[in-house]
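Novice: here you go, sequence then predicted model.
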Amino acid sequence: TQIPSQFSAVKVGGKKLYNIARSGKEIPDIPQRNIFIKEITILDFKDGEVTFDVTCSKGTYIRVLVDDIAKKLDTYAYVSWLIRIGLGDFEITKSKLIDEITKEDIISLEELNINDAKKVILDDYMLKRFVNGLKVTVTYLKKFDYSKSGYYKVYDSKNNLVSIAQLVDGDLKNKVFLYR
């Protein structure tokens, strides 16, 4: 488990921790999060500096991980340089500089594989509820196909992609809003 930084975007009581911290208010107990560290590989250790790769679950705060490791070693540490080299199907080794991008490199959101997201089509009534932030419970949707990842591409009745959503406690919750 890991306790996120008080300057993280984790919400407590409906408010982001960094907003609470910046306002100078005392932060209540920050809830622990389950994380998984698959692998840590030390690439270099010289003059008291460590360079390493870490393969971890989503929601892992690397700066907090470094702080936790330092505490275990009864010392101090900070992150001076951080780069994300991969996320899902995206790898930095496959990236291009802006000047190198061609029209053929650009893919539509419909083509993008987002955590094996399943397609959900909302009728006009459910779409209006969804757009306005009201509950859209999957038990009221026709032909709902559960996704292993919990992610969904939400379409309107005219087959326009309007959102990338996540299933939370049986309700579709917007993650990226694309409504036109």
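Specialist: Here it is on my side, so go on.

Novice: residue contacts, K173?
Specialist: Counting by CB atoms under 8 Å, 6 or more residues apart in numbering, K173 makes contact with 165-167. Every residue, glycine included, has its C-beta placed from N, CA and C.

Novice: so what pairs up with it in the strands?
Specialist: Counting by DSSP bridges, K173 is bridged to Q166.

Novice: quick one: the strands in this protein, in order.
Specialist: In the chain, the segments counted as strands under DSSP state E are 11-12, 15-16, 37-46, 49-56, 86-87, 90-91, 118-121, 151-155, 161-168, 171-177.

Novice: just to revisit the earlier point, compare the contacts of K173 and tell me which is most surrounded.
Specialist: Among these, the one with the most neighbours (other CB atoms under 10 Å) is A165, at 23 neighbours.

Novice: so that residue is in contact with Y155, correct?
Specialist: No: if you go by CB atoms under 8 Å, A165 and Y155 don't touch, sitting 10.7 Å apart.

Novice: list residues touching both of the two?
Specialist: With CB under 8 Å, 6+ apart, A165 and Y155 have common neighbours V120.

Novice: returning to what we had before: now, of the strands of the chain, which is deepest in the fold?
Specialist: Each of the strands of the chain was scored by mean neighbour count; the highest is strand 151-155, a mean of 21, by mean count of other CB atoms under 10 Å.

Novice: list the neighbouring strands of that strand plus their orientation.
Specialist: Strand 151-155 is paired, per DSSP bridges, with strand 118-121 (parallel), strand 161-168 (antiparallel).
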